[in-house]
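Asks: Provided below are the primary sequence and the corresponding predicted coordinates.
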Amino acid sequence: MAVIKVSEKKNLLDPNSVTFDERKEELEKFDEQEQKKRDRDKHSVFSRWTQFNLEHTQKLMWLTLNFPKAHAILYFLVDQMDNYNAVMCSYKVLEEVLEVGQATIARNIKVLKERGFIAVLKSGTSNVYTINDTVFWKSWGNNVKYSKFPANVVLSLTEQEQKLQDKVRLDSEKMKVVSLKEDAQNQVK
């Protein structure tokens, strides 16, 4: 890798020499290209798609039949994961979304870990869940080899201090509310 030498004046004999203005222009072009890529990715019709490897169909059918709560947890994590297959949330979030107790969550997370669907990393009292990128991924197919953080973080309002709970309004446009209960009721109607 060549070392770029930035100085007031360009050394014409050194191909790696650039002026401050030239380097600034290079960096601005790079930033502009990066911003265009982020905008393109953000507005892509595939931004809400998750890819799935059909080689794992049998394993997922087994999971569905034998551990339906684990299957629901996996789908919740897949839905919430970022483009690097990671999401951070507490057991409390999973308990509230799936309307089950901590023991059920713990038992089914263990099944998902043992079967290789997820890995669990700790961050304080919350878990960072990384979903096996040979099964599901949201990014381009050639990007599955990366596991980059930060992860999407899913918080529960009930875990927050009462003072904060009183201030937060759930109808805020900035807040994404996850409710499987309402979705299920709407589908039944």
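Replies: Nice, I can see it. Residues are numbered from 1 along each chain as shown.

Asks: And for Ile109, the neighbour number?
Replies: Using other CB atoms under 10 Å, Ile109 is surrounded by 22 other residues. To be clear about C-beta, it is placed using only N, CA and C from the backbone, and glycine gets the same treatment.

Asks: how far away is the residue nearest to Ile131 when sequence neighbours are not counted from Phe117?
Replies: Spatial nearest neighbour of Ile131, chain neighbours left out: Asn85 (4.6 Å); criterion: CB to CB, 6 or more residues apart in numbering. Going from Asn85 to Phe117 by CB to CB, to the nearest Å gives 11 Å.

Asks: what about the residue nearest to Ile131, how many neighbours?
Replies: Asn85 has 27 neighbouring residues, counting by other CB under 10 Å.

Asks: now do Glu34
Replies: Glu34 is flanked by 10 other residues according to other CB under 10 Å.

Asks: show me where the protein has strands.
Replies: Per DSSP state E, the chain carries strands over the ranges 5-7, 17-19, 51-52, 86-89, 118-123, 126-131, 136-137, 152-154.

Asks: So for Leu98, which of those sits nearest?
Replies: strand 86-89 (11.7 Å; CB to CB).

Asks: picking that back up, just send the strands of the chain back as TSV, with mean pLDDT and distance to Thr104 too.
Replies: What follows is the strands of the chain, written out as TSV (pLDDT from 0 to 100; distance: least, CB to CB, whole Å):
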stretch	mean pLDDT	distance to Thr104
strand 5-7	80	59
strand 17-19	85	60
strand 51-52	82	25
strand 86-89	86	16
strand 118-123	83	16
strand 126-131	84	15
strand 136-137	82	22
strand 152-154	62	18
